[in-house]
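Student: got a predicted structure here, sequence first:
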There are 2 protein chains.
Amino acid sequence: MACLSTCLEEEVRMPLYGGVEAGGTRFVCAIGSSPDKLEAQVSFTTTTPDETIGRTIAFFQQYQRRESLLAVGIGSFGPVDLNPTSPKFGYITTTPKPGWANTEFYGRISRALAVPVGFDTDVNAAALGEATWGAAKGLETFIYMTVGTGIGGGGMVNGQLLHGLLHPEMGHLRLPHNLDQDPYPGACPFHGDCFEGLAAGPALLGRWGHRAEELPADHPAWRLEAHYLALGLANLICTLSPQRIILGGGIMQQMALFQMVRRNVQQLLNGYLQVPAILQQIDQYIVPAALGNRAGVLGAIALAKKTAQVNRP
Amino acid sequence: MACLSTCLEEEVRMPLYGGVEAGGTRFVCAIGSSPDKLEAQVSFTTTTPDETIGRTIAFFQQYQRRESLLAVGIGSFGPVDLNPTSPKFGYITTTPKPGWANTEFYGRISRALAVPVGFDTDVNAAALGEATWGAAKGLETFIYMTVGTGIGGGGMVNGQLLHGLLHPEMGHLRLPHNLDQDPYPGACPFHGDCFEGLAAGPALLGRWGHRAEELPADHPAWRLEAHYLALGLANLICTLSPQRIILGGGIMQQMALFQMVRRNVQQLLNGYLQVPAILQQIDQYIVPAALGNRAGVLGAIALAKKTAQVNRP
């Protein structure tokens, strides 16, 4: 009995953080403090806001009863309002996802759990995860981009997460689109053939009649996909001059893409940027997420830790 | 005599900073401490590195004999090496400008004047000038872009100048180019029809046979120019989410462009970014440089002041 009591006491004292990877398709919630110290993780389908946010709260409350939850981090699909002075701070705003437009998110979690809550985009959270434990350790300026059902990008500049007026929407870059070679008109409801409209999951399905995971590595779809990804990355390189680009998301599970994208980026830049990172070491410049598909939820835990530090009494 | 001696003594004590706007066509050097406190300014054609850097040094040395020059700031055309740990820090690197590739710049000025020297891109210096005294006062994240013989962009993210792996090269974004509507192949020696290749001075001359300043405000050239500028800006907005975009450079002297660019940007974004700054207040979102064509040299003085602060004993 004495031992059990000591162990429980130690458990109570261990600082635990909650992370929420809030995706448009699935939510992943976890409790822990680092990649190798995850106490629990749960994942469920994104249904209505009430049900989905309710399940998120219930997951953390069940741990709060016996453990010390110091803070929660949320990396959310968007667009989201990140302006701390806005009355809609922490809302999901203009998403086309049915039922989710104008949804209060941060506030509901914050009131229910009564702990400090960090709130950012899903890609910024993943970027923070990669900066803390993954492929962006020690870097000051880098990009994390996810390519899946949509395309989103976040990252850091000079060691701080990118926010600005709203937050980056890197999936909506306008790119060259040769209609003779690729007559597919694009799938974005706002912009047609923007980056996401040409290269995210719905575009692959619409153009080839198959989902990304059904296309074999030698299918011509991947050559075209690499072409568009490289155009997008070349533009991001010219704008942000990142020290590294980390790619995650379902479509990047096709590992053959990486080499094709790297070669295409080099061809597009055409020696203009005379830096070894691009000219000679591009294999270490455009890389998969080191945390794999856990980048999002681990990044949310990193965001929780950061939030707890800021709010330390 | 007593009065003259006092005045001179005061003059000696007044802190003065040097600024160099090092352009590929002209150099502008100035001494002062703010827009309304400029002691002297000189401008000369960019010839060989020896002659041009020599004239720059001579200009400042003549003031050093009788005044206290605390620091010098240089905003240089590029590409430049801004990596403080690189042996080529402060060099102009791969420029196609004859005679200037691989030119030591920072080091020569620094040794000759023996004062702290700040070194950055021309556009980052102009951005710093606008942040200190102009259209970016109080902003954390913004872009300064110049459209002239080339296109270049700099700016700040979270209050710090954008650097990264090298520095931004925003003029080399790849944009949609409808060859049926605009068969001009583009003027960039590296990328053909990149942003700069389609929309900088040489493209206007090549496409229309006239220099920008010869084209009347109702010439169809401006509609096409606004189209490309808006494509470039929409991409920058989606990547950096700036709180404001400041446009300078010779081509932006055609003030009719601003309204056309603003409307085009709104059409391209198509309501995706639901922020008042873009939807309702775009006249204050895409703006001319408040410091006009002095943004570069004043920004270099702001860079000198910043450098003097960092190097304060």
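Tutor: That came in fine, so what should we check first?

Student: helices along the stretch 51-200 of chain A, start to end?
Tutor: When secondary structure is read from DSSP state H, counting those that start in this stretch, the stretch 51-200 of chain A shows helices at A:106-113, A:122-133, A:195-199.

Student: could I get the contacting residues of the residue positioned nearest the centre of chain A?
Tutor: Compute the mean C-alpha point of chain A, and by CA atoms, centre = their mean the closest residue is residue A:123, 2.6 Å away. Residues counted as contacts of residue A:123 (CB atoms under 8 Å, 6 or more residues apart in numbering or on different chains) are A:75, A:144, A:145, A:146, A:152, A:153, A:154, A:155, A:168. Backbone N, C-alpha and C define where each C-beta goes, glycine included.

Student: what is the nearest of those residues to chain B?
Tutor: Of all the contacts of residue A:123, the one with the least separation from chain B (CB to the nearest CB) is residue A:168, at 5.3 Å.

Student: roughly how far apart are that closest one and residue A:236?
Tutor: In this structure, residue A:168 lies at 9 Å from residue A:236, with CB to CB, to the nearest Å as the measure.

Student: find the residues that touch each one of the two.
Tutor: Counting by CB under 8 Å, 6+ apart, the contacts common to residue A:168 and residue A:236 are A:153, B:239.

Student: surely residue A:44 is within a helix?
Tutor: No. According to DSSP: H, G, I helix; E, B strand; the rest coil, the state of residue A:44 is strand, so it is not within a helix.

Student: quick one: pLDDT of it?
Tutor: For residue A:44, the model assigns a pLDDT of 98.

Student: just residue A:95 next, same as before
Tutor: For residue A:95, the model assigns a pLDDT of 84.

Student: next one: residue A:67
Tutor: According to the prediction, residue A:67 has pLDDT 80.

Student: again, but for residue A:10
Tutor: pLDDT, residue A:10: 47.

Student: for burial, what's the neighbour tally of the residue lying closest to residue A:164 once chain neighbours are set aside?
Tutor: Beyond its immediate neighbours in the sequence, the residue positioned closest to residue A:164 (CB to CB, 6 or more residues apart in numbering or on different chains) is residue B:241, lying 3.2 Å away. Neighbour count of residue B:241, defined by other CB atoms under 10 Å in any protein chain shown: 21.

Student: just to check, residue B:241 is in contact with residue A:162?
Tutor: Yes. Residue B:241 is within contact range of residue A:162, at 7.1 Å (criterion: CB atoms under 8 Å).

Student: distance of residue A:173 from residue A:152?
Tutor: Distance of residue A:173 to residue A:152, given as CB to CB: 12 Å.

Student: get me the contact residues on the stretch 201-313 of chain A for chain B.
Tutor: Contacts of the stretch 201-313 of chain A with chain B, taken as CB under 8 Å from any CB of the partner chain, map to A:231, A:234-236, A:238-243, A:268-275, A:277-278.

Student: burial count for residue A:57?
Tutor: Residue neighbour count, defined by other CB under 10 Å, stands at 18 for residue A:57.

Student: check contacts around residue A:155.
Tutor: Neighbouring residues of residue A:155 by CB under 8 Å, 6+ apart: A:123, A:124, A:127, A:141, A:142, A:143, A:144, A:161, A:162, A:168, A:240, A:242.

Student: now the two most distant members of those residues.
Tutor: Pairwise distances across the contacts of residue A:155 peak at 15.3 Å for A:123 and A:141 (criterion: CB to CB).

Student: for chain B, see how far away residue A:286 is.
Tutor: 12 Å (CB to the nearest CB, to the nearest Å).

Student: what about the stretch 1-150 of chain A, any weak spots by pLDDT?
Tutor: Along the stretch 1-150 of chain A, the parts satisfying pLDDT under 70 run over A:1-13.

Student: thought residue A:167 was touching residue A:82, still the case?
Tutor: Yes. Because the distance of 5.6 Å satisfies CB under 8 Å, residue A:82 is recorded as touching residue A:167.

Student: and the pLDDT for residue A:246?
Tutor: For residue A:246, the pLDDT comes out at 98.

Student: so it makes contact with residue A:147?
Tutor: No. With contact defined as CB under 8 Å, residue A:246 does not reach residue A:147; the gap is 11.4 Å.

Student: ranges for the strands of chain A?
Tutor: For chain A, the strands defined by DSSP state E cover A:16-22, A:26-34, A:37-45, A:69-76, A:91-92, A:103-104, A:117-121, A:142-147, A:151-157, A:160-161, A:245-248, A:286-288.

Student: in TSV: the ones you listed, plus distance to residue B:39.
Tutor: Written out in TSV, the entries for the strands of chain A read as follows (distance: least, CB to CB, whole Å):
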stretch	distance to residue B:39
strand A:16-22	56
strand A:26-34	57
strand A:37-45	61
strand A:69-76	52
strand A:91-92	52
strand A:103-104	57
strand A:117-121	47
strand A:142-147	42
strand A:151-157	35
strand A:160-161	37
strand A:245-248	46
strand A:286-288	49
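
Student: and residue A:200, how far from residue B:35?
Tutor: When distance is defined by CB to CB, residue A:200 is 47 Å away from residue B:35.

Student: quick one, which of these two is more surrounded?
Tutor: Set residue A:200 next to residue B:35 and count neighbours by other CB under 10 Å: residue A:200 wins out with 28 against 17.

Student: residues contacting residue A:310?
Tutor: Taking CB under 8 Å, 6+ apart as the criterion, residue A:310 is in contact with residue A:116.

Student: repeat that for residue A:261.
Tutor: By CB under 8 Å, 6+ apart, the contact list for residue A:261 reads A:226, A:229, A:230, A:233, A:247, A:286.

Student: let's see it at 7 Å
Tutor: A:226, A:229, A:230, A:233, A:286 (CB atoms under 7 Å, 6 or more residues apart in numbering or on different chains).

Student: out of these, list just those in helices.
Tutor: In helices, judged by DSSP state H, the following of these are found: A:226, A:229, A:230, A:233.

Student: burial measure for the nearest residue to the first one once chain neighbours are set aside, as a count.
Tutor: To tie it back to what came earlier, the one meant is residue A:226. For residue A:226, the nearest residue in space outside its immediate sequence neighbours is residue A:260; the separation is 3.5 Å by CB to CB, 6+ apart. Applying other CB under 10 Å, we find 17 other residues in the vicinity of residue A:260.

Student: quick check: residues of the stretch 51-200 of chain A near chain B?
Tutor: A:93-94, A:141, A:157-158, A:160, A:162-170, A:172-177, A:190-191 (CB under 7 Å from any CB of the partner chain).

Student: go through the contacts of residue A:261 and name the one nearest chain B.
Tutor: Of all those, chain B sits closest to residue A:230, with 9.5 Å by CB to the nearest CB.

Student: so what touches stretch A:241-249?
Tutor: Contacts of stretch A:241-249 with the rest of the structure, by CB under 7 Å, 6+ apart, involve A:126, A:130, A:135-136, A:139-148, A:155, A:233, A:236, A:285-289, A:295, B:163-168.
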